[in-house]
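Undergrad: Generate a structure from the sequence data that follows.
(one chain, ligands or ions: 2)
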Amino acid sequence: MQETLRIAVQKSGRLYEGSMKLLKECGVEVSNGNNQLRVQAANFPLEVYFLRDDDIPEYVQDAVADIGFVGENVLVESGKQTDIVEKLGFGKCRLSIAVPKNGNIADIQSLNGKRIATSYPGILRSFLQQNQISASIHEISGSVEIAPRIGLADAICDLVSSGSTLFTNELKEIETILYSEAVMISHQQLSSGKRLILESLLFRIRSVKKAKNNKYVLLNAPNEKLKDIFALLPGIKSPTVLPLAASGWSSVHSVISEDDFWSRIESLKAAGAEGILIIPIEKMIA
Ligand code: ATP
Ligand code: ZN
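TA: Ligands and ions are numbered 1, 2, ... in the order given. So this is what the prediction gives:
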């Protein structure tokens, strides 16, 4: 009988949608219609456990689940022993120290003797130690951003993504402690059967991630400009070139990465490319 890999994902919250979307893009069908704790994927040897994100590192460490999708921030804070297998590209945020906008704390040294509210006491404590700052840590589990206003703390250490929560609460960031995104973690000793399933899932995840980072480009160019245009197109191996019906013109197909996308498109136009079409890629198999 084939083994099943057990994966822990967040039951609801900021990582739920990204986690389910990634599994779907990997062709793994999971229906959680009845709000169940455990669901067997229809077409892949995967069993999905829906849990609170804080519990995921421990479940994976203790082999209650084999792998999990969780924020790096939660993993680091938990101190649990698991392997980080892959960064997943969603759930991006940072753990920062913020202070009242109009107060008198301008840098981390001014935190000496102050009170800092956070849900991340472990990470904050080691940051303060490393920087030889002595401040008291007030652990609270939610709505950390209101702590300064109600007089509970002088500063906060909390997750930030757009910064709008800080802005609304008249706080400003003075230091980032940790950059985080969702990661896939794994129990440190998987059976060989489970490892094979993990490799197969990982292969799909990497193909999906690679596709997201790349776009398919089609463009037309006069033949005498092709050399300059090829120099701007890395492609997977080399661009595909097809003659157009209009003589002296060709159609060029290639793949370009998302990173320097706009500057590359501008360079292509400047080099004589016309009728540029950009098409999303669904999967990219290395
Ligand atoms: P749970 O009920 O599972 O304990 P939670 O309330 O602790 O959920 P969420 O607010 O859903 O957690 O956040 C889950 C994860 O999403 C965070 O740990 C973090 O990795 C990521 N994240 C991304 N952006 C943000 C943000 N702006 N604020 C908070 N978390 C963020
Ligand atoms: Zn949580």
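
Undergrad: just the strands in the stretch 101-250 of the chain please.
TA: Chain-ordered strands for the stretch 101-250 of the chain, with DSSP state E, counting those that start in this stretch as the definition, fall at 115-118, 136-139, 155-160, 171-180, 182-186, 214-222, 240-243, 249-257.

Undergrad: Which of those sits closest to ligand 2?
TA: Across these, ligand 2 has its closest neighbour in strand 155-160 (10.6 Å, CB to the ion). C-beta here means a position set from N, CA and C on the backbone, and glycine is covered the same way.

Undergrad: For that closest one, which outside residues touch it?
TA: With contacts defined as CB atoms under 8 Å, 6 or more residues apart in numbering, strand 155-160 is touched by 73, 93-99, 105, 111, 114-120, 123-124, 127, 135, 144-145, 147-148, 166, 171, 173, 177, 180.

Undergrad: go again using 6 Å as the cut-off
TA: By CB atoms under 6 Å, 6 or more residues apart in numbering, the residues outside strand 155-160 that reach it are 93-99, 114, 116-118, 124, 144, 147.

Undergrad: now do stretch 77-88
TA: Taking CB under 6 Å, 6+ apart as the rule, stretch 77-88 contacts 57-58, 60-61, 120, 122-123, 181-186, 188.

Undergrad: Then stretch 219-234?
TA: Contacting residues not belonging to stretch 219-234 are listed as 239, 248-252, 254, 267-268, 271-276 [CB under 6 Å, 6+ apart].

Undergrad: Distance across that stretch, terminal residue to terminal residue?
TA: Stretch 219-234 has its terminal residues 14 Å apart, counting by CA to CA, to the nearest Å.

Undergrad: thinking again about what came up before, show me how to select, in ChimeraX, the buried members of the contacts of stretch 219-234.
TA: Selection of buried members from the contacts of stretch 219-234 for ChimeraX, criterion 16 or more other CB atoms under 10 Å:
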select :239,249,250,252,254,267,268,271,273
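
Undergrad: Of all pairs in the contacts of stretch 219-234, which one spans the longest distance?
TA: Pairwise distances among the contacts of stretch 219-234 were taken by CB to CB; the largest, 22.0 Å, belongs to Gly248 and Ser267.

Undergrad: count of residues packed around the residue lying closest to Lys114 once chain neighbours are set aside?
TA: Of all residues beyond its chain neighbours, the one nearest Lys114 is Asp154 (4.1 Å), with distances taken as CB to CB, 6 or more residues apart in numbering. Asp154: 22 surrounding residues under other CB atoms under 10 Å.

Undergrad: Can you tell me which of the contacts of stretch 77-88 is nearest Gln2?
TA: Closest to Gln2 out of these is Ser186 (18.6 Å), distances taken as CB to CB.

Undergrad: in the chain, which ranges drop under the pLDDT threshold?
TA: 1, 235-236 (pLDDT under 70).

Undergrad: hey, where'd the helices end up in it?
TA: Ranges of helices in the chain, per DSSP state H, are 16-25, 56-61, 72-78, 121-130, 164-168, 192-212, 226-231, 261-270.

Undergrad: Let me know the outermost residue of the protein.
TA: In the chain, counting by CA atoms, centre = their mean, Ser247 sits farthest out from the average C-alpha position, at 46.9 Å.

Undergrad: That one and Lys225: what is the separation?
TA: To Lys225, Ser247 is 15 Å away according to CB to CB, to the nearest Å.
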